[in-house]
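*Asks:* pasting the sequence and the predicted coordinates here, then a few questions.
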Amino acid sequence: CPPGREGAYAALGEPGYAAVAACGSPQQMAVFIRRAIAFHGGVVEEDDALAVLAQEHCTHTSSYHDLLVALNACSWISWPGQGESAPPSLKRQRSTHLQTPTHSPTG
C-alpha cells in the first residue's frame, strides 16, 4: 500500500483489516470501513458515527469478521432492502404480458 493510503488500498479481509489497524490512523480506518460498507451494498448516512467507529477500531483492534458483525447492527448505515427507501419487490406476481398470437400459414 502507498504510505498514508492503507485504507484505500488494503484488501477487504482479515489481512487488510490488520494492516490498516496497525497503521493506527482513524482516518485510514474510516476509509477502509467505508469501502467494506460499500462492498456489501451499504451507504454511510452519518460520517461522525463512522469516525467514532474507526477510532474504536484503531484503539481496540478486533477482526474483520467482528467489524462486519458490528456494521450489520449500525443504524447509521443504509443497507439495501431496509427502511423506507427500500425499492419495491421485483418479484412478479403474475404475468402482465398478453399471449402472443400464433399465425398459421395460409395456403
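*Replies:* Yep, that arrived. No experiment lies behind these values; they were computed from the predicted model shown.
*Asks:* what about the strands in this structure?
*Replies:* Here the chain has its strands, by DSSP state E, at 43-44, 77-78.
*Asks:* need the winner for burial among those strands.
*Replies:* strand 77-78 (a mean of 19; mean count of other CB atoms under 10 Å). The way it works is simple: take the backbone N, C-alpha and C, and place the C-beta from them, glycine included.
*Asks:* what pairs with that strand, parallel or antiparallel?
*Replies:* Paired with strand 77-78 in the same sheet, following DSSP bridges, are strand 43-44 (antiparallel).
*Asks:* ok so, going back, in TSV, list the strands of the chain along with distance to residue 17 and mean pLDDT.
*Replies:* Shown next, in TSV, are the strands of the chain (distance: least, CB to CB, whole Å; pLDDT from 0 to 100):
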stretch	distance to residue 17	mean pLDDT
strand 43-44	17	96
strand 77-78	17	94
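*Asks:* looking at those strands, which is nearest to residue 51?
*Replies:* strand 43-44 (10.1 Å; CB to CB).
*Asks:* contacts for the closest one next, please.
*Replies:* For strand 43-44, the external contacting residues (CB atoms under 8 Å, 6 or more residues apart in numbering) are 34, 37, 50, 76-78.
*Asks:* I'd say residue 71 and residue 38 touch.
*Replies:* No. Counting by CB atoms under 8 Å, residue 71 sits too far from residue 38 to count as a contact (11.1 Å).
*Asks:* these two - which one has more neighbours?
*Replies:* Ranked by neighbour count (other CB atoms under 10 Å), residue 71 and residue 38 place residue 71 first, with 19 against 12.
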